[in-house]
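Asks: Got a predicted structure plus its sequence, pasted below:
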Amino acid sequence: MAKKVVVGMSGGVDSSVAAYLLKEQRYDVIGVTMRIWQNNGAQLIDDNTGCCGLSAVDDARSVAQMLDIPYYVLDFREEFRTCVIEPFVEEYLHARTPNPCILCNRYVKWEALLRRSMELGADYIATGHYARIKRLENGRYVIQNSVTAKKDQTYALYGLTQHQLSRTLMPIGDYKKEEIREIASKIGLNVASKPDSQDICFVPDNDYAAVVEREAVGTVPPPGNFVLADGTILGQHKGIIHYTIGQRKGLNLAMGYPVFVTQIRPETNEVVIGTDKDVFTDSLLCDKLNFMAVEDLTKQMEVLAKIRYSHAGAPCTIQKCGEGQVRCQFKEPVRAVTPGQAVVFYQNDYVFGGGTIIR
């Protein structure tokens, strides 16, 4: 009997080809689009070329009909609000810069979808992510880099659990984006040339502050002071939710030389300003750990660490320093280590583990 797999279909070319490839591999494929938009947010997500808006449903349904597979739209609005939107807002209110896609992957696109899929009798779930799953000699599952660094999405997947990985298929990790579009075009999918979606579906025009202001009415921090590290007041800022570490644009400070945000102090409602060299550091501390290659970190390790999605990665050593925390010591200083962002550790070509940056 064929193994049953539920494919998360966003209406884009990647997940569409993933469904096609799995059907070609003789899996019993079911297509599912996750409804995550909140009330009137469907148009907002569509306007931002999001992955789960109304047009995504239309495109995914069309692909499913062409592939002759069952297709459903499942409601995950409650999970998305609780696990993604609310933590996103809370982090910004406390002067941290979160990555909501990581939370969405861990708790919605995997945990919630996998649970619902098992209820449908599925053996696996599958996605259109550019990544691969590898099982190490010690029996543990890891996320392995895709064949193309240009589209590699492993950074945002470091939080997946062993159970989730053991029940996941990633059929397009062995392909380049150009090859995926060629396959889609060859079999006549109408999404073959569809543009890629934006990373954060519920944040139009990258205006994070507007989302926080809308969701946290009455609790948004007020304007405060721009200061130097020693407390010297330079001017007034719009509110700490408008700033992140390393930011240069939008400060409106006439200092006579380039200045950057080097620290945000929520306890005093201050945004600290410095020069570019002040944005560099050679260490960081992280918590909310998840390890893939090992059950836990028991000794000092040398790894490559990425401190944001677009970061190329930097060599460092990691070791436990207290309950549930890891200190990362870089061989060379890195720029703009940002509380709230993920730091992801790599060994060879796979994810060793990762955590959330504290400082």
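Replies: The structure has been received and is ready for your questions. Since the structure is predicted, the reported quantities are computational estimates derived from the model, not experimental observations.

Asks: what's the next secondary structure element after the lowest-mean-pLDDT helix or strand in the chain?
Replies: In the chain, no helix or strand scores lower on mean pLDDT, DSSP states H and E than helix 41-47, which sits at a mean of 47. Next helix or strand after helix 41-47 toward the C-terminus (DSSP states H and E): helix 54-67.

Asks: quick one: buried residues of that following helix?
Replies: 55-57, 59-64, 67 (16 or more other C-beta atoms under 10 Å). (Each C-beta comes from the backbone N, C-alpha and C, glycine too.)

Asks: mind checking the SS state of residue 255?
Replies: Under the three-state scheme (DSSP: H, G, I helix; E, B strand; the rest coil), residue 255 adopts coil.

Asks: got a list of what it touches?
Replies: By C-beta atoms under 8 Å, 6 or more residues apart in numbering, the contact list for residue 255 reads 234, 273.

Asks: still on that earlier bit, ok, which pair from the buried residues of helix 54-67 is furthest apart?
Replies: The most widely separated members of those are 55 and 67, with 18.6 Å between them, by C-beta to C-beta.

Asks: you'd agree residue 304 is up against residue 315?
Replies: Yes - counting by C-beta atoms under 8 Å, residue 315 is a contact partner of residue 304 at 6.0 Å.

Asks: So those two - more neighbours on which side?
Replies: residue 304 (15 against 11; other C-beta atoms under 10 Å).

Asks: So that one lies in a strand, does it not?
Replies: Yes - remark: residue 304 belongs to a strand, assigned using three-state DSSP.

Asks: what's the distance between it and residue 355?
Replies: Distance, residue 304 to residue 355, by C-beta to C-beta, to the nearest Å: 15 Å.

Asks: Give the closest residue to residue 5 in space, chain neighbours not counted.
Replies: Nearest non-adjacent residue to residue 5, counting by C-beta to C-beta, 6 or more residues apart in numbering: residue 124, 4.3 Å away.

Asks: Nearest residue to residue 309 in space, ignoring adjacent ones along the chain?
Replies: Nearest residue to residue 309 in three dimensions, chain neighbours excluded: residue 155, at 5.1 Å (C-beta to C-beta, 6+ apart).

Asks: Give me the pLDDT for the one you found.
Replies: Residue 155 carries a pLDDT value of 94.

Asks: burial measure for it, as a count.
Replies: Other residues lying near residue 155 total 24 when counted by other C-beta under 10 Å.

Asks: Same check on the one 3 residues further on?
Replies: Burial of residue 158, expressed as a neighbour count using other C-beta under 10 Å, amounts to 26.

Asks: That one contacts residue 354, doesn't it?
Replies: Yes - Residue 158 lies in contact with residue 354 (C-beta under 8 Å); the separation is 3.7 Å.

Asks: Name the residues contacting each of the two.
Replies: 290, 342, 344.

Asks: Count the neighbours of the second one for me.
Replies: The burial metric for residue 342, expressed as a neighbour count using other C-beta under 10 Å, is 25.

Asks: and residue 164, that's in a helix?
Replies: Yes - assigned with three-state DSSP, residue 164 falls within a helix.

Asks: what residue ranges in the stretch 101-250 of the chain are flagged as low confidence?
Replies: For the stretch 101-250 of the chain, applying pLDDT under 70 flags the ranges 149-151, 198-199, 204.

Asks: now the strands for it?
Replies: Per DSSP state E, counting those that start in this stretch, the stretch 101-250 of the chain carries strands over the ranges 124-126, 131-135, 141-145, 168-169, 224-227, 233-237.

Asks: and those strands as JSON lines, adding distance to residue 96 and mean neighbour count?
Replies: JSON lines is the format used below for these (distance: least, C-beta to C-beta, whole Å; neighbours: other C-beta atoms under 10 Å):
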{"stretch": "strand 124-126", "distance to residue 96": "30", "mean neighbour count": "22"}
{"stretch": "strand 131-135", "distance to residue 96": "26", "mean neighbour count": "19"}
{"stretch": "strand 141-145", "distance to residue 96": "24", "mean neighbour count": "24"}
{"stretch": "strand 168-169", "distance to residue 96": "29", "mean neighbour count": "20"}
{"stretch": "strand 224-227", "distance to residue 96": "17", "mean neighbour count": "19"}
{"stretch": "strand 233-237", "distance to residue 96": "16", "mean neighbour count": "16"}
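
Asks: now those strands as TSV including distance to residue 335?
Replies: Formatted as TSV, these follow (distance: least, C-beta to C-beta, whole Å):
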stretch	distance to residue 335
strand 124-126	36
strand 131-135	26
strand 141-145	23
strand 168-169	33
strand 224-227	20
strand 233-237	21
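
Asks: Determine which of the ones you listed approaches residue 296 most closely.
Replies: Set against residue 296 and scored by C-beta to C-beta, the strands of the stretch 101-250 of the chain come closest in strand 141-145, at 14.8 Å.
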